[in-house]
Structure formats: C-alpha cells, structure tokens
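Visitor: Just need the structure, nothing else, for what follows:
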Amino acid sequence: MLSQILLSGLSLAALAHSAPHILQERAQPTVYLAGDSTMAESGGGSGTQGWGHYLQYSLTPAVSNKAVAGRSARSYTVENRFATLVSTVQTNDIVIIEFGHNDGGSLSTDNGRTDCPGAGNETCTSTYQGKQVTVLTYPAYLVNAGRALVAKGAKVIISSPTPNNPWEGGSFSYAPSRFTTYARDAASKIGSNAMFVDHGTYTANIFKALGKAKVDKFFPNDHTHTSPEGADTVSKAFVKAVLCGGEGLLKGLVRNTTATVEGSCV
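Guide: Just a heads-up that it's a prediction; the model follows:
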C-alpha cells in the first residue's frame, strides 16, 4: 500500500506538509546527492567510482552522497529514498538529483526501474513482481520529489545524466538524451528554489577536448562507469557547469573559480 501511495507522489507531498517549518537552519547547509551508480560511492563496483565522491573537494558545505547503484527516478521513489531525504533535510540544505541511466527500457518486462514514457503526468499500469503497479514518468518523479523537498525548505538542483563514453564508436559522438530535456523541464516545474544543470553537455565537452585515448581509459569495464580519475573529471564538469551558470543555488559555496576548472562555458 505504501509503495502504491509513493508511486502517485501523494506520500511525498503529505510528508512535506506533515510538519511546519520548525527545523533549525544550520550555519552551513548540507549538500545531498540522489542518483545512480554514476554518482554513487564505489560507482558500479570493480574499481569504478561515482563522480559524487569528488564533489566534496569543490564545495565548502558537507556533501552526503545518497546515490545508490542501479536506481532510477522510479525505484529511488518506490524504495522511499526520496521520502527519507524529505524527512532529513533542513532549511537551505541542497539536494542534487541526477538520474537517467536506468530509467529507459520497456515495461513489457518490468524491471522495477523503467519509467512510464512521456514528458508530463502520463501514467502506465504495469506488473512488477506479480503485482499491478502504477508507473509515473521520469519528470513526474523528479517534480514530485523536488516540490516535496522545496516545501521542507531545501533547494533542489536537477542535473542531466552523464554521457556514456562518447568516443566508444571510434569518433566523438554526443547528443543529449530525452532525459536532459525532461530534467530541464522538471526543474522549471518545481519552481522557486530549483535549478537545472546540464552536466551531460559539460562532461561531453571536456571528454571531447581530452581525446579518445584519454577518455577510453576512464571507462575500464564498460561505457557507463568511470575510473576514479574519470569520476574526478566528471565531478569537475558539474562544477564547471555550475560556475558558468553563475553558481545559482550554490552561490558562495564553490571553492573553485571558473578559470581553475578545465573546460569552457557553453
């Protein structure tokens, strides 16, 4: 029953408004990360690392990495992980959300991660583990979580997913996926205290400048999960995107200057 409520987004909204703003504001906010293995500690395993591990070195606030390998916007919601974040955040804390690598696929053989196709409030009925479930779209999961977090006084950054190795085919090739568009739209629908960061494009631009030989070494096992060095580069790409956008919700919290981070503004 709880999972069904979570899928509709109602529990997140109820949780956000279940208690008034009685939380004390910290002197320094905490930055929370919500995402998949490309962001998570230890990445996808086997010697890989998620870019979230290195963000702590670029920000003055503490960074709490709540990304979990194998998750999508849907499964992160159903497992109550967004609800836990809503319960945890205090006023002016910042939550960076980045999904997309596990959100595609077909619901004909539901893996518990695939979202309902669509850019809005479409819903799908699916069967997962023998039970009929209602599945929302990728942007709907992000908007529901983002609005609940903002209602609790937090600030939300919706980030586009990182690219798979754009040199994998022998020559450089990158085009933002539909999840980049969805992420941008979700940030705008959350409203105040939310922003979009095009992490994917900034990462791709740095990968292009570094060249095939260098970037191929960033992907030791597959085309998705990065080595520690690759993860560090991907983390810097996020910081570059933030700096080039005027820092936004991270204003005054970034250690680096624009000129000290590789890559160019787009």
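
Visitor: low-scoring stretches of the protein, by residue?
Guide: Regions of the chain meeting the criterion pLDDT under 70 cover residues 1-11, 13-26.

Visitor: Show me the beta-bridge partners of the most centrally placed residue in it.
Guide: Nearest to the centroid of the C-alpha atoms of the chain, with distances taken as C-alpha atoms, centre = their mean, sits residue 98, at 0.9 Å. Each beta-bridge partner of residue 98 is listed here, defined by DSSP bridges: residue 35.

Visitor: ok, how many other residues are close to residue 63?
Guide: In terms of burial, residue 63 registers 18 neighbours under the definition other C-beta atoms under 10 Å. Using the backbone N, CA and C atoms, a C-beta is placed for each residue, glycine as well.

Visitor: one step back: next, the contact list for the residue nearest to the centre of the chain, please.
Guide: Under the criterion of C-beta atoms under 8 Å, 6 or more residues apart in numbering, the contact list for residue 98 reads 33-36, 38-39, 67, 158-162, 183, 199.

Visitor: what does residue 247 give?
Guide: 253-254 are the contacts of residue 247 under C-beta under 8 Å, 6+ apart.

Visitor: Which parts of the chain are strands?
Guide: For the chain, the strands identified by DSSP state E occupy 30-35, 62-65, 94-98, 123-128, 131-136, 155-159, 194-197, in order along the chain.

Visitor: With residue 129 as the reference, measure out to the residue nearest to the centre of the chain.
Guide: When distances are taken as C-beta to C-beta, to the nearest Å, residue 98 and residue 129 turn out to be 26 Å apart.

Visitor: before we move on, what about residue 90?
Guide: Taken as C-beta to C-beta, the spacing of residue 90 relative to residue 129 amounts to 35 Å.

Visitor: Same question for residue 27.
Guide: Counting by C-beta to C-beta, the gap from residue 27 to residue 129 is 45 Å.

Visitor: For the stretch 101-250 of the chain, which segments count as helices?
Guide: Counting by DSSP state H, counting those that start in this stretch, one finds helices in the stretch 101-250 of the chain at the ranges 138-151, 178-190, 199-210, 212-217, 228-244.

Visitor: okay, those, which one's buried deepest?
Guide: The highest average neighbour count among these, using mean count of other C-beta atoms under 10 Å, belongs to helix 138-151 at a mean of 26.

Visitor: what angle do it and strand 30-35 make?
Guide: Counting by axes from the mean of the first three to the mean of the last three C-alpha atoms, to 10 degrees, helix 138-151 points 160 degrees away from the direction of strand 30-35.

Visitor: counting contacts, what elements does helix 138-151 pack onto?
Guide: The criterion is 3 or more C-beta pairs under 8 Å, 6 or more residues apart in numbering; DSSP states H and E, and the helices and strands that helix 138-151 contacts are helix 10-17, helix 73-78, helix 81-88, strand 94-98, strand 155-159, helix 178-190.

Visitor: so that helix versus strand 155-159, what angle?
Guide: Between the axis of helix 138-151 and that of strand 155-159 there is an angle of 160 degrees, by the same axes, to 10 degrees.

Visitor: Now do helix 138-151: distance to the chain's middle.
Guide: When distances are taken as C-alpha atoms, centre = their mean, to the nearest Å, helix 138-151 is centred 12 Å away from the chain's centroid.

Visitor: Send over that helix as CSV, restricted to the C-alpha atoms.
Guide: Taking only C-alpha atoms (Å, rounded to 0.1, in the frame of the first residue of the first chain), the coordinates of helix 138-151 have been written out as CSV:
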residue,chain,number,x,y,z
TYR,A,138,10.7,10.4,-15.3
PRO,A,139,9.8,14.1,-15.0
ALA,A,140,6.9,13.4,-12.7
TYR,A,141,9.0,11.5,-10.2
LEU,A,142,11.5,14.4,-10.2
VAL,A,143,8.9,17.1,-9.9
ASN,A,144,7.1,15.2,-7.0
ALA,A,145,10.4,14.8,-5.1
GLY,A,146,11.6,18.3,-5.9
ARG,A,147,8.4,20.0,-4.7
ALA,A,148,8.3,18.0,-1.5
LEU,A,149,12.0,18.9,-0.8
VAL,A,150,11.4,22.6,-1.5
ALA,A,151,8.3,22.5,0.7
